[in-house]
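**Q** Attaching a predicted model along with its sequence, questions to come.
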Amino acid sequence: MQERKNFRCRMALYALLVLVCFLLQFSRGTRLTLWGASPDVLPFLFAAVALFEGPYVGAIFGFAGGILLSVNSTAPEALLSMYYSLGCLGAGFFASRYMRRVFPTLLMCGIFLSLFKTLLSFFFFYALVYEAHSPGLLLTAGKSLLLSLPFSLVVYLIVKHIHSRFTAEE
């Protein structure tokens, strides 16, 4: 019974963390912009949840976070939820099978998720619909990724603390 309660508490705290990161990232006045790009912390958050809780929970949070991000995106039909859920599922399976729960693994999985989302949304939406050119988008995505790396450490430490706090009691 205590194990289920701890699991529910962890999931509620992760959901609250997703909501807080979303609001900080996309609200007016709190958005950090530097060199024409802003950090994207949510792929690292989804990768951290997949790393600590497993691929299925990571995929569920990726799907829910993608639906939340679709509110703020111009991509049609909530494609971000599919990109994040499949990316979290793949990163979670790979990390649980071959890696440990350390910060470099989070960096690798977070960079994979960010590039996966950027490339798929570019090729299947902007390139087909708007016939956009890739160098400008890839440069902005690279800047955004570099700005996200320092914040990924904060996300990793928060998720690690939540996970260790509620699994130590079991």
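**A** Nice, I can see it.
**Q** neighbours around the residue nearest to G66 when sequence neighbours are not counted, how many?
**A** Closest residue to G66 apart from its sequence neighbours, by Cβ to Cβ, 6 or more residues apart in numbering: S81 at 3.0 Å. C-betas here are computed from N, CA, C, even on glycine. By other Cβ atoms under 10 Å, 19 other residues sit near S81.
**Q** Any figure for the gap between S81 and L145?
**A** Here the criterion is Cβ to Cβ, to the nearest Å. By it, S81 lies 21 Å from L145.
**Q** for R8, same thing?
**A** Distance of R8 to L145, given as Cβ to Cβ: 33 Å.
**Q** mind showing which ranges of this structure have poor pLDDT?
**A** Applying pLDDT under 70 to the chain flags residues 1, 29-33, 73-78, 124-136, 168-170.
**Q** residues contacting the residue nearest the centre of it?
**A** Centroid-nearest residue in the chain, with Cα atoms, centre = their mean: P43, separated by 1.9 Å. By Cβ atoms under 8 Å, 6 or more residues apart in numbering, the contact set of P43 is Y84, G87, G110, L113, S114, K117, S148.
**Q** Skipping adjacent residues, who's closest to the fourth one in space?
**A** Going back to what we said before, that points to L113. Using Cβ to Cβ, 6+ apart and skipping residues adjacent in sequence, the residue nearest L113 is P43, 3.8 Å away.
**Q** so the one you found is in which element?
**A** In this assignment (DSSP states H and E), P43 forms part of helix 42-53.
**Q** need the next SSE after that helix, C-terminal direction.
**A** As assigned by DSSP H and E, the chain's next helix or strand after helix 42-53 is helix 55-70.
**Q** and the helix or strand following that following helix with helix 42-53, angle?
**A** Counting by DSSP H and E, the element after helix 55-70 in chain order, helix or strand, is helix 79-98. Angle between the axes of helix 79-98 and helix 42-53 is 40 degrees (criterion: axes from the mean of the first three to the mean of the last three Cα atoms, to 10 degrees).
**Q** Helix 55-70 and helix 79-98, what's the angle between them?
**A** Helix 79-98 runs at 160 degrees relative to helix 55-70, counting by the same axes, to 10 degrees.
**Q** Show me what helix 79-98 packs onto, helices and strands only.
**A** The contact analysis (3 or more Cβ pairs under 8 Å, 6 or more residues apart in numbering; DSSP states H and E) places helix 79-98 against helix 42-53, helix 55-70, helix 103-121.
**Q** what's the spacing between the last one and its chain's center?
**A** What that stands for is helix 103-121. Computed by Cα atoms, centre = their mean, to the nearest Å, the chain-centroid distance of helix 103-121 equals 8 Å.
**Q** And stretch 114-124, by the same measure?
**A** With Cα atoms, centre = their mean, you get 13 Å for stretch 114-124.
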